[in-house]
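S.K.: Structure for this input, please:
(one chain, ligands or ions: 1)
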Amino acid sequence: MTEFDKGPILVTGASGGIGAATVRHLVRAGAQVIAAGRDEDKLAALAAETGCTTLAFDLTSEDSVRDALGDLDLWGVVNCGGWGGEIATPMDTDIDVFDKVIAVNTRGALLVTKYASRSMIRLGRGGAIVNVSSQAALVALKGHICYGASKAALDNITRVSALELGPHGIRVNGVHPTVVMTPMSAWYWGRPEIEGPFLSQMPLGRWATEDEIAAPIVFLLGDGASMITGVSLPIDGGYTAC
Ligand SMILES: NC(=O)c1ccc[n+]([C@@H]2O[C@H](COP(=O)([O-])OP(=O)(O)OC[C@H]3O[C@@H](n4cnc5c(N)ncnc54)[C@H](OP(=O)(O)O)[C@@H]3O)[C@@H](O)[C@H]2O)c1
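M.R.: Just a heads-up that it's a prediction; the model follows:
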């Protein structure tokens, strides 16, 4: 018996870095994990490594989310699927990018919450949801007009979901990572003129690892967080506190 034996936990974005790390941590903690994304090869590799099951669907399509989650028994969800969009100012933003960032990061997470919470309520065992937001939702970061807006809207979804699902014993929380230095982040955050000033403002003065994001997500899902709901937990080396 483990604290995660109440039912399956769906992790979206599991074909990506933070999502895959979260799957590994949850499986090690004894959870039954359903790893979701679009890239079936990456999901299959993760399943072979960890023993998780997989589910491919597109966060931007309500039909796809409904078909995937409609009949699924779930106890928990990690809304980790996301897209970074562009680095742009309010003056030169591409509004099509804005629409797509919102479609994945905000609307996609809401669709998953919609169909997953129906199943969690139907099962009547309570549950927990963690939404993976960003430091970019808590403070203004240059270039992050679209991405920051999508994650700030996600934060309100976290709070309203906590309010609405609390009476069903379902907790909903958000985490706010700083940058994990993946190849995708490196092209922007790895530039000396961006990285240097940013890290000099951060008390811990370094980027996060995927494991350092996964561990607090697992904590928020678990029994140790049984009285915590509606919070926004920065995982940012203190950047947004200073
Ligand atoms: N990395 C960072 O520095 C950082 C910092 C703060 C917050 N975050 C947030 O943390 C989360 C994970 O980030 P990451 O760095 O692990 O990203 P990543 O490696 O780029 O992975 C992104 C994941 O989202 C999935 N995804 C994207 N669009 C999708 C769609 N339309 N339908 C279904 N799945 C979709 C991808 O699936 P497929 O590839 O299979 O399509 C992939 O699994 C994101 O929400 C991100 O915004 C990241």
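S.K.: Identify the residues contacting residue 173.
M.R.: Counting by C-beta atoms under 8 Å, 6 or more residues apart in numbering, residue 173 touches 128-131, 158, 162, 220, 225, 228-233. C-betas here are computed from N, CA, C, even on glycine.
S.K.: Spell out which parts of this structure neighbour the ligand.
M.R.: 13-19, 37-39, 58-60, 80-83, 104, 132, 134, 177, 179-180, 182, 184-185 (C-beta under 6 Å from any ligand atom).
S.K.: which helix is the longest one in this protein?
M.R.: As far as residue count goes, and with DSSP state H defining each element, the longest helix of the chain is helix 145-165.
S.K.: quick one: average pLDDT of it?
M.R.: Mean pLDDT, computed over helix 145-165, is 98.
S.K.: tell me what that helix is packed against?
M.R.: If contacts are counted by 3 or more C-beta pairs under 8 Å, 6 or more residues apart in numbering; DSSP states H and E, helix 145-165 sits against helix 95-101, helix 108-123, strand 127-132, strand 170-177.
S.K.: The protein: helices as residue ranges?
M.R.: Remark: helices assigned in the chain by DSSP H are 17-28, 40-50, 62-69, 95-101, 108-123, 145-165, 183-189, 192-200, 210-221.
S.K.: Give me the angle between the third one and helix 108-123.
M.R.: If I follow you right, that is helix 62-69. 40 degrees (axes from the mean of the first three to the mean of the last three C-alpha atoms, to 10 degrees).
S.K.: And the longest one, by the same measure?
M.R.: For helix 145-165 and helix 108-123, the angle between their directions (the same axes, to 10 degrees) works out to 10 degrees.
S.K.: Mind listing residues that contact helix 145-165?
M.R.: Here helix 145-165 makes contact (C-beta under 8 Å, 6+ apart) with 79, 84-86, 88-90, 93, 97-98, 101-102, 104-106, 109-110, 113, 117, 120-121, 129, 131, 133-134, 136-137, 140-141, 171-174, 176, 229-230, 232.
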